[in-house]
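Trainee: okay, structure incoming, though there's no sequence with it:
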């Protein structure tokens, strides 16, 4: 129970992904790589790629409706919508568009950007609004359409990313199911993973010049990101376990950002958590950034692996660099 006397429970989840699938064999036709090379190094086989007619808002709305239905409430019961994304349809934000698509007429909506840590940061943000009593039913969405921003000629990065959306409904309850959490940032390593704006000066009048340009494709130092994740994620989860007075034996499931299967395996090993407890769907979806944690959670809930009362240790990590962890009981 938190100091305000209002706890949080995650009562519903949903997900969505484009129908079009990009396989390792497809990528081998585009760049110098192979199915075996990609699979051994990342654990990835497929990625779902949005078509020109599919939008992040549409995918998010499908995921949101699934979460709301599982929670047993209606869209008009939602008080707040937090969209975690780095790739909105509109640079001003897409949360309000999603609010309109799902008919959540009583909700306030805003975007939150923390790259691959976004969903976890949004979940923790939702818990703070709930703990004050300000909002009772909060919809948290993690969604990204990274295929828009991939350099498809760069074999070190184009093999990694896919598109998708996942959502959860968080509700105020008497007994808090969010057991502990932590969030962290290190801006000194910001250049390890970027999607930067690039502009050129455009003269306006007299001596006035304005920047006019667009965003560059994703750039990444894969080795540095790997080292960062393997070092910082186990540390963050260990801290949240300590805060919750839990040990590795108490954890039913390890739910990590789906960046690389080798990272997930290394984190589990450092925490002394069995690999059989890792929730992974990276082979099917690749790295979907803010969508990856709720996508994997929804699949595991709907196929019956995750059951009410199960204790889940979750961690997101990525650009910023940012990382964080949360431990919660499902349902």
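Mentor: Arrived safely, thanks for sending. The model shown is predicted, which means the values in this text are computed figures rather than measured ones. Residues are numbered from 1 along each chain as shown.
Trainee: is it true that residue 113 touches residue 85?
Mentor: Yes: shown here, residue 113 and residue 85 form a contact pair, counting by C-beta atoms under 8 Å, at 6.9 Å. For the C-beta atoms, the positions are set from N, CA and C on the backbone; glycine is no exception.
Trainee: compare those two (neighbour count), which wins?
Mentor: The neighbour comparison of residue 113 against residue 85 (other C-beta atoms under 10 Å) goes to residue 85, with 30 against 19.
Trainee: hang on, the more buried one packs against residue 94?
Mentor: Yes: taking contacts as C-beta under 8 Å, residue 85 lies within contact range of residue 94: 6.7 Å.
Trainee: list the contacts of the most centrally placed residue in the chain.
Mentor: Centrality entry for the chain: nearest residue to the mean C-alpha point is residue 290, 2.2 Å, by C-alpha atoms, centre = their mean. Contacts for residue 290 (C-beta atoms under 8 Å, 6 or more residues apart in numbering) come out as 84-86, 114-119, 122, 142-144, 316.
Trainee: now with 10 Å?
Mentor: Going by C-beta atoms under 10 Å, 6 or more residues apart in numbering, residue 290 touches 83-87, 112-122, 141-144, 146, 164-166, 257, 316, 318.
Trainee: that one: what secondary structure?
Mentor: Following DSSP: H, G, I helix; E, B strand; the rest coil, residue 290 is assigned to helix.
Trainee: max-length helix in the protein?
Mentor: In the chain, taking DSSP state H as the definition, the longest helix is helix 222-243.
Trainee: next helix or strand past that one?
Mentor: Per DSSP states H and E, the first helix or strand lying C-terminal to helix 222-243 is strand 253-256.
Trainee: helices and strands around that following strand, which ones?
Mentor: Judged by 3 or more C-beta pairs under 10 Å, 6 or more residues apart in numbering; DSSP states H and E, the packing partners of strand 253-256 are helix 222-243, helix 261-271, helix 292-302, strand 311-318, strand 322-329.
Trainee: which neighbours do residue 113 and residue 85 share?
Mentor: Contacts common to residue 113 and residue 85, judged by C-beta under 10 Å, 6+ apart, are 93, 122, 290.
Trainee: nearest residue to residue 65 other than its sequence neighbours?
Mentor: Counting by C-beta to C-beta, 6 or more residues apart in numbering, residue 65 lies nearest to residue 102, which is 5.9 Å off, once chain neighbours are set aside.
Trainee: right, and that neighbour touches residue 83 too?
Mentor: No: counting by C-beta atoms under 10 Å, residue 102 stays clear of residue 83, with 11.7 Å between them.
Trainee: looking at the two, which one has more neighbours?
Mentor: Higher neighbour count among residue 102 and residue 83: residue 83, with 32 against 23, using other C-beta under 10 Å.
Trainee: tell me what that one is bridged to.
Mentor: residue 111, residue 141 (DSSP bridges).
Trainee: contacting residues for it?
Mentor: Taking C-beta under 10 Å, 6+ apart, one finds 56-57, 60, 64, 93-99, 109-113, 118-119, 122, 139-143, 165, 167, 290 in contact with residue 83.
Trainee: just checking, which of the residues you listed belong to strands?
Mentor: Within the contacts of residue 83, residues falling in strands by DSSP state E are 109-112, 139-143, 165, 167.
Trainee: identify the contacts common to residue 85 and residue 94.
Mentor: Counting by C-beta under 10 Å, 6+ apart, the residues touching both residue 85 and residue 94 are 56-57, 60, 111, 141, 143.
Trainee: turn these into a markdown table, columns for neighbour count and distance to residue 215.
Mentor: Below are the shared contacts of residue 85 and residue 94 laid out as a markdown table (neighbours: other C-beta atoms under 10 Å; distance: C-beta to C-beta, whole Å):
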| residue | neighbour count | distance to residue 215 |
| --- | --- | --- |
| 56 | 26 | 15 |
| 57 | 25 | 19 |
| 60 | 34 | 21 |
| 111 | 22 | 16 |
| 141 | 34 | 22 |
| 143 | 36 | 18 |
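Trainee: quick one: which of those is nearest residue 201?
Mentor: residue 111 (28.9 Å; C-beta to C-beta).
Trainee: now the residue nearest to residue 65: how far from residue 141?
Mentor: According to C-beta to C-beta, to the nearest Å, residue 102 stands 10 Å off from residue 141.
Trainee: now for the two: what residues contact both?
Mentor: With C-beta under 10 Å, 6+ apart, residue 102 and residue 141 have common neighbours 57, 60-61, 63-64, 81, 167.
Trainee: as TSV, those with pLDDT and distance to residue 298 would be great.
Mentor: Output for these, formatted as TSV (pLDDT from 0 to 100; distance: C-beta to C-beta, whole Å):
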residue	pLDDT	distance to residue 298
57	98	18
60	98	13
61	98	15
63	98	8
64	98	12
81	98	17
167	98	8
